[in-house]
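J.: Take this sequence and fold it.
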Amino acid sequence: MTTALLVIDVQQALCSGEYECFQINRVIDTINGLSARARNAGVPVVLIQHEETGSPLAHNAAGWQLAEGLQTSPKDLRVRKTTPDSFYQNNLKKLLSEQDSERLIICGLQTDYCVNATVRQALKLGYDVVLAADAHSTVDNGNLTAEDIITEHNKDLAHLTGSVARIDVIPAKDIQI
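T.: Have a look, this model is predicted:
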């Protein structure tokens with residue numbers, strides 16, 4: 001089964017300042033370790049960037065740029081998106097098809113928005129999904145702390161299965177690339 005690593009929305013606006021996600025430096029370090037292992041194994045790394053006109057995530061704005069500290073390679077694939085679902089109206093599915101990817105390792109930002117939507121859509125599309133339990137993050141939402149949101153999503157997503165695919169939620173160090 002061919003694998004791809006999706007790194008969702010690890011962008012400057014979500015990694016510093018007002019919208020800085022919980023434990024972001026640790027999360028970026030974990031993502032860097034995971035992506036280095038993927039690249040060494042010949043697994044494609046797909047960097048996904050959210051964009052929204054009139055916001056800190058406007059295309060090419062400083063906040064839209066990939067986060068400082070996120071290690072990338074010129075060989076990494078790039079996808080732009082405008083909704084939480086990383087597959088919606090862009091070339092992600094085509095890129096994954098060209099790579100013959102059937103299994104997706106997913107990490108990034110934000111747990112309760114783009115990570116959640118992408119994991120669920122990937123399952124719906126028939127991909128086996130491995131969510132890196134310690135390589136995604138978010139912010140407090142006024143009702144729950146970011147830590148509680150992450151814990152709840154790890155638990156809830158681990159219980160989802162599809163008719164032809166599955167979701168595993170595993171710490172990054174334990175993911176078989």
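J.: Give the closest residue to residue 3 in space, chain neighbours not counted.
T.: residue 103 (4.5 Å; CB to CB, 6 or more residues apart in numbering). For every residue, glycine as well, the C-beta is placed using N, CA and C.
J.: Helix, strand, or coil at that neighbour?
T.: Three-state assignment for residue 103 (DSSP: H, G, I helix; E, B strand; the rest coil): strand.
J.: Ok, residue 6 next?
T.: Once three-state DSSP is applied, residue 6 turns out strand.
J.: hang on, it packs against residue 107?
T.: Yes. Judged on CB atoms under 8 Å, residue 6 makes contact with residue 107 at a distance of 7.3 Å.
J.: Quick one: end-to-end distance for stretch 10-27.
T.: By CA to CA, to the nearest Å, the extent of stretch 10-27 from end to end equals 10 Å.
J.: mind showing which ranges of this structure have poor pLDDT?
T.: Low-confidence segments of the chain, defined by pLDDT under 70: 1.
J.: mind listing the strands for it?
T.: Taking DSSP state E as the test, the strands found in the chain are 2-8, 45-50, 77-81, 101-109, 128-137, 167-170.
J.: Name the residues of the first one that come out as buried.
T.: For strand 2-8, the neighbour count (16 or more other CB atoms under 10 Å) marks 3, 4, 5, 6, 7, 8 as buried.
J.: export these to CSV and tack on distance to residue 91?
T.: Converted to CSV, these look like this (distance: CB to CB, whole Å):
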residue, distance to residue 91
3, 19
4, 13
5, 17
6, 13
7, 16
8, 15
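J.: Out of those, the closest to residue 44 would be?
T.: residue 4 (4.7 Å; CB to CB).
J.: Give me the neighbour count for residue 89.
T.: Neighbours of residue 89 under the rule other CB atoms under 10 Å: 9.
J.: cool, and residue 78?
T.: 13.
J.: longest single helix anywhere in this structure?
T.: helix 24-40 (DSSP state H).
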